[in-house]
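Asker: Predicted model and sequence below, questions to follow.
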Amino acid sequence: MVFRQLFDAASSTYTYLLGDTTSGEALLIDPVFEQAQRDLSLIRELGLQLKLVVDTHAHADHITAAWLLKQKTGCLIASAAVINAEHLDLPLSHGQTFGVAGVSLEARATPGHTDGCMSYVLADHSMVFTGDALLIRGCGRSDFQQGNAATLFHSITEQLFSLPDDCQVYPAHDYNGRTQSSIGEERSYNARVGGSANEADFVGYMQAMSLPHPKKIDEAVPANLRSGCPADGQVPPEPNWAEDLRVTYAGVPEIGSEWLLLHADRVTLLDVRQAGEVIPGELPEVLGTALQIPLDQLRQRVTEVPTDLPVVTLCRSGRRSALATSILREQGLEQVASLRGGLLPLAHG
């Protein structure tokens, strides 16, 4: 199984990618709207197809990317049926098995943080994705959005602590850089519900907490009840100056050689190789007018780069030209891309 834990620094949210190399199918748990491009880039580079997006609850601190990912890939959207979210394809109930080919999960209702919280247990009980019900040495708050501390206590102790000690715990958030725990650890050491804590201990702790109102709750909750669909129902605009434009998981905008050969007159070509590497006549005729500025000089000579057309950076393998796009964007140029794979594909074509 392919497994990746991804992080959104703005909301301290973990997104989880689970995929099967045999079927090529994948699912995402708790994707963040602003990170949709990153997630799709990783899925593409790993040779997977996104088939399902599932949220653990209606988040109050970020907007889910579920609807946006569905528009881009045709994947299905799943979350707890009790949330009654719009655009939902797979409403989940307690005990229901779901997933993609090669990856099977069991949905367990774990309300208390919100009444629509669910945790997802891998079929072999080796992993559990606990949302905000159980965090690492903590748990989700229970003072808003249908929260109930007593309910949360029973969700954790009866649904989650019934899993094997070595079952790995992957929460929806962590604010201290911790990435995973285990059921055994949390049963013993969780600061709120671990050790010999009983319901009265836990409820007393939760009721004595004084936490600020979530900053994005007024925006996030209504949007998440629409599965992340914007109020206007429109996909946010993206750069469209090249049909072949893609952004890699490393964050590099790229276009392919076929597109470039057909549309070289629509861009400024920037060759960032050293002068001694450039062989006269080596490039196809349509690329022969490339501006040449070595990468180590680009910051000092960036004003020489025309800004009336998008800029495509070139080098031998596409590595130096990738850094060149970052330098250009630092200087305020937005329509930039690196030639995918560099000049090697053209030399071998």
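Answerer: Cool, the structure landed.
Asker: Pull the residues that contact the helix or strand hosting Leu27.
Answerer: Secondary structure assigned from DSSP states H and E places Leu27 in strand 25-29. Strand 25-29 is contacted from outside by 2, 15-20, 39, 43, 46, 48-56, 65, 69, 99-103, 120, 129, using Cβ atoms under 8 Å, 6 or more residues apart in numbering. For every residue, glycine as well, the C-beta is placed using N, CA and C.
Asker: list the buried ones in the helix or strand following it?
Answerer: Sequence-wise, the next helix or strand downstream of strand 25-29 (DSSP H and E) is helix 36-45. By 16 or more other Cβ atoms under 10 Å, the buried positions in helix 36-45 come out as 36-43.
Asker: do the same with stretch 296-316
Answerer: By neighbour count on 16+ other Cβ under 10 Å, the buried set for stretch 296-316 is 298, 302, 305, 310-315.
Asker: Mind telling me the two of those residues farthest from one another?
Answerer: By the measure Cβ to Cβ, Pro310 and Cys315 form the most distant pair in those, at 17.3 Å.
Asker: ok so, going back, wait, which of the buried residues of helix 36-45 is closest to Pro222?
Answerer: Set against Pro222, the nearest of the buried residues of helix 36-45 by Cβ to Cβ is Ala36 (19.0 Å).
Asker: Which other helices and strands does the helix or strand hosting Ala107 contact?
Answerer: Assigned by DSSP H and E, Ala107 belongs to strand 103-109. Judged by 3 or more Cβ pairs under 8 Å, 6 or more residues apart in numbering; DSSP states H and E, the packing partners of strand 103-109 are strand 25-29, strand 97-100, strand 118-122.
Asker: would JSON lines of the buried residues of stretch 296-316 with secondary structure and pLDDT be doable?
Answerer: Listed next are these as JSON lines, based on DSSP: H, G, I helix; E, B strand; the rest coil; pLDDT from 0 to 100:
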{"residue": "Leu298", "secondary structure": "helix", "pLDDT": "97"}
{"residue": "Val302", "secondary structure": "helix", "pLDDT": "96"}
{"residue": "Val305", "secondary structure": "coil", "pLDDT": "96"}
{"residue": "Pro310", "secondary structure": "coil", "pLDDT": "97"}
{"residue": "Val311", "secondary structure": "strand", "pLDDT": "97"}
{"residue": "Val312", "secondary structure": "strand", "pLDDT": "97"}
{"residue": "Thr313", "secondary structure": "strand", "pLDDT": "97"}
{"residue": "Leu314", "secondary structure": "strand", "pLDDT": "94"}
{"residue": "Cys315", "secondary structure": "coil", "pLDDT": "93"}
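Asker: care to break this protein down by domain?
Answerer: 2-224, 246-348 (automatic domain parsing).
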